[in-house]
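1. got a predicted structure plus its sequence, pasted below:
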Amino acid sequence: MKITVVGTGYVGLVSGVCYAELGHDVICVDKDIEKIRKLAEGEIPIYEPGLQPLVIRNSAEGRLRFQTELKEAVTASDIIIIAVGTPSLPNGEANLFYIEQVAREVAEVIDCYKIICIKSTVPVGTNERIRYLIQSQSPVHFDSVSLPEFLREGTAVQDTLHPDRIVIGAESEQAAKIMRELHQGLTEHILVTDIRSAEMIKYASNAFLATKISFINEIANICEKVGADITKVTEGMGYDNRIGSSFLKAGIGYGGSCFPKDTQALIQIAGQMNYDFKLLKSVVEVNRGQRFNVIRKLEQLLGDLSGKTIGIWGLAFKPETDDVRDAPSIEIIQSLIDRGAVVKAYDPIATNNFRSVLGYANVKYCETAREAAVETDALCILTEWQEFRQISLYELETWMKTPNLIDGRNIYSEEEIAKTQFAYYSIGRPNLNKGIREQSPVFMMQG
Ligand code: NAD
């Protein structure tokens, strides 16, 4: 099939490249000239494992092109997939500016029947709104399809080529049939629904996963108070098929370009229908509080943080990505700066993106994990990059001024920590946490 993907970011680029890998002719369009220039030269503007060889091969074999020109791409394609950003407005609603802009541009150039799919995450009713917008500008017949995306950054290629499910929201049988064919063989779960349900499936899925994370983080906080170990608790819970073990890892909360904005957007969608989504509001509030556990524990260890040197390992919102959008590291580092701490930060991939968010002032960006740890009063692990696990704790102790370790991702085991002198704090594992004053369970019972 002939496909144009508009928006060549984390989603559009991976989707376009994977459709080409499946044998389709794909034109990826973006208004960012620099991004398109890099892609046309085989350079990948984002960090996504496994993507570059596919870009190079499919471009060389003539199935994949990158350009800024929309008209020629639309004319040459049967299917237009819109994958531009839908960031949050200040009130939490999804900003549909970019989607509407693309819709107007497509309306100007559409010349014959096409399927127009929205892959971006959009509020329920957006596909209809966009259809009316295009119809108001163009007499050409087309079909609208909601095609929500479920890939995860870091495993995006694998997720796209081997998805758990494909959701197709379509009103027209012809469009549904073509979209089924496009995804045939990728998964046995191809679900065709009405357009509004497809739009809702995306928000409901992300809201549910965010809820799982906030739930387990609250259980971890209670574990710390009652003397239970969250890793044992989640193992015991996860064997239950009704619960499952994924997204049950306690830590400093979720971040990234999807969960924070999609939970806020769903709260707004519900609110516009006069429905108060209390549960999801609590999920968001718990998540925000969880980030500040790191600051609370540092203050328990060091008292006033003013003038203290704090090392940070990990800036990306999760490993295997360079994405720092809404990463917990941003708020945590900003709080440290506000408290007068000196921050030394290291991330294997995401430093440049982070620098563009928080700037140069008050943060010393380091070239290595060691440099970020040297002569620090405490070190905080905010992203569980594999590289950090490979560093010897004995060596780490010698690099630091004082061996204080805040492990926001529970990357070390009891055995590893027991052999060290670290004052150690992790999430929901009170028996491992050493040297940091905890509220004793015995005291609580007496009290
Ligand atoms: P992104 O910011 O990485 O990419 C968006 C791209 O669209 C940018 O390259 C931008 O230059 C381009 N663009 C904007 N306006 C344009 C226009 N008029 N013409 C051509 N290009 C234009 O965003 P993303 O992370 O890929 O997310 C895209 C959508 O997919 C969002 O709605 C997001 O919620 C959803 N989504 C993202 C993920 C994820 O993990 N990133 C997963 C599932 C769904």
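-> Now that the structure is in, tell me what you want to look at. Residues are numbered from 1 along each chain as shown.
2. ok, which stretches of the protein are strands?
-> Taking DSSP state E as the criterion, the chain contains strands spanning 2-6, 25-29, 64-67, 79-82, 114-118, 142-146, 166-170, 190-193, 309-313, 342-346, 363-365, 378-381, 404-407, 423-426.
3. in CSV, list the ones you listed along with mean neighbour count.
-> Yep, even glycine has a C-beta here, placed from its N, CA and C like the rest. Converted to CSV, the strands of the chain look like this (neighbours: other CB atoms under 10 Å):
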stretch, mean neighbour count
strand 2-6, 25
strand 25-29, 25
strand 64-67, 21
strand 79-82, 25
strand 114-118, 25
strand 142-146, 23
strand 166-170, 23
strand 190-193, 16
strand 309-313, 27
strand 342-346, 22
strand 363-365, 18
strand 378-381, 26
strand 404-407, 26
strand 423-426, 24
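4. can I get these in TSV with distance to the ligand?
-> Below are the strands of the chain laid out as TSV (distance: least, CB to the nearest ligand atom, whole Å):
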stretch	distance to the ligand
strand 2-6	5
strand 25-29	6
strand 64-67	10
strand 79-82	9
strand 114-118	9
strand 142-146	12
strand 166-170	12
strand 190-193	17
strand 309-313	23
strand 342-346	23
strand 363-365	22
strand 378-381	23
strand 404-407	26
strand 423-426	27
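5. who wins for proximity to residue 201 among these?
-> Taking CB to CB, strand 166-170 is the member of the strands of the chain nearest to residue 201, at 5.2 Å.
6. mean pLDDT and distance to residue 277 added to the strands of the chain, as JSON lines?
-> Converted to JSON lines, those look like this (pLDDT from 0 to 100; distance: least, CB to CB, whole Å):
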{"stretch": "strand 2-6", "mean pLDDT": "98", "distance to residue 277": "31"}
{"stretch": "strand 25-29", "mean pLDDT": "98", "distance to residue 277": "36"}
{"stretch": "strand 64-67", "mean pLDDT": "98", "distance to residue 277": "40"}
{"stretch": "strand 79-82", "mean pLDDT": "98", "distance to residue 277": "27"}
{"stretch": "strand 114-118", "mean pLDDT": "98", "distance to residue 277": "23"}
{"stretch": "strand 142-146", "mean pLDDT": "98", "distance to residue 277": "21"}
{"stretch": "strand 166-170", "mean pLDDT": "98", "distance to residue 277": "21"}
{"stretch": "strand 190-193", "mean pLDDT": "98", "distance to residue 277": "22"}
{"stretch": "strand 309-313", "mean pLDDT": "98", "distance to residue 277": "33"}
{"stretch": "strand 342-346", "mean pLDDT": "97", "distance to residue 277": "35"}
{"stretch": "strand 363-365", "mean pLDDT": "96", "distance to residue 277": "36"}
{"stretch": "strand 378-381", "mean pLDDT": "98", "distance to residue 277": "32"}
{"stretch": "strand 404-407", "mean pLDDT": "96", "distance to residue 277": "32"}
{"stretch": "strand 423-426", "mean pLDDT": "94", "distance to residue 277": "32"}
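7. Throw those into a markdown table and include distance to residue 99, thanks.
-> As requested, the strands of the chain are arranged in a markdown table below (distance: least, CB to CB, whole Å):
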| stretch | distance to residue 99 |
| --- | --- |
| strand 2-6 | 10 |
| strand 25-29 | 14 |
| strand 64-67 | 20 |
| strand 79-82 | 6 |
| strand 114-118 | 7 |
| strand 142-146 | 12 |
| strand 166-170 | 15 |
| strand 190-193 | 20 |
| strand 309-313 | 35 |
| strand 342-346 | 34 |
| strand 363-365 | 34 |
| strand 378-381 | 37 |
| strand 404-407 | 40 |
| strand 423-426 | 41 |
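8. I figured residue 427 was touching residue 294, is that so?
-> No: counting by CB atoms under 8 Å, residue 427 does not reach residue 294; the two are 9.4 Å apart.
9. what residues are shared contacts of those two?
-> Taking CB atoms under 8 Å, 6 or more residues apart in numbering as the criterion, residue 427 and residue 294 both touch 252, 408.
10. was I right about residue 404 contacting residue 423?
-> Yes: between residue 404 and residue 423 there is a contact under CB under 8 Å: 4.8 Å.
11. overlap in contacts, these two.
-> When contacts are counted by CB under 8 Å, 6+ apart, residue 404 and residue 423 are jointly contacted by 301, 435.
12. helices or strands up against the top helix by length along the chain?
-> In the chain, taking DSSP state H as the definition, the longest helix is helix 195-226. Secondary-structure packing of helix 195-226 (3 or more CB pairs under 8 Å, 6 or more residues apart in numbering; DSSP states H and E): helix 126-135, strand 142-146, strand 166-170, helix 230-238, helix 259-272, helix 278-291, helix 441-446.
13. who in this protein is up against the ligand?
-> Within reach of the ligand by CB under 6 Å from any ligand atom, the chain has these residues: 6-12, 29-32, 35, 83-86, 98, 101-102, 120-121, 149, 151, 153, 257-258.
14. for those, which ChimeraX command selects only the ones that are buried?
-> Applying 16 or more other CB atoms under 10 Å to the residues of the chain next to the ligand, the buried members can be selected in ChimeraX as follows:
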select :6,7,8,9,10,11,12,29,30,31,35,83,84,85,86,98,102,120,121,149,151,153,257,258
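15. tell me the phi and psi of the nearest residue to residue 163 once chain neighbours are set aside?
-> Excluding its sequence neighbours, the residue lying closest to residue 163 (CB to CB, 6 or more residues apart in numbering) is residue 187, at 5.1 Å. Main-chain dihedrals, residue 187, degrees, to the nearest 10: phi -160, psi 150.
16. report the contact partners of residue 187.
-> Residue 187 is in contact with 162-166, counting by CB under 8 Å, 6+ apart.
17. residue 163 too?
-> Taking CB under 8 Å, 6+ apart as the test, what residue 163 contacts is 150-151, 186-187.
18. now these in a markdown table, with pLDDT?
-> Shown next, in a markdown table, are these (pLDDT from 0 to 100):
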| residue | pLDDT |
| --- | --- |
| 150 | 98 |
| 151 | 97 |
| 186 | 97 |
| 187 | 97 |
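19. so what's the spatially most central residue of the chain scoring on pLDDT?
-> Computing the C-alpha centroid of the chain and ranking residues by CA atoms, centre = their mean puts residue 256 first, at 3.5 Å. Model confidence at residue 256, given as pLDDT, is 95.
20. verify the stated contact: it with residue 327.
-> Yes: using CB under 8 Å, residue 256 makes contact with residue 327 at a distance of 7.0 Å.
21. need the overlap of contacts for the two.
-> Common neighbours of residue 256 and residue 327, using CB under 8 Å, 6+ apart, are residue 317.
22. and for residue 194, the neighbour number?
-> Applying other CB atoms under 10 Å, we find 12 residues neighbouring residue 194.
23. re earlier: report the angle between the axes of the longest helix of the chain and helix 278-291?
-> In terms of direction (axes from the mean of the first three to the mean of the last three CA atoms, to 10 degrees), helix 195-226 departs from helix 278-291 by 50 degrees.
24. now stretch 379-393: buried residues?
-> The neighbour-count check on stretch 379-393 (16+ other CB under 10 Å) flags 379-385, 387-388, 393 as buried.
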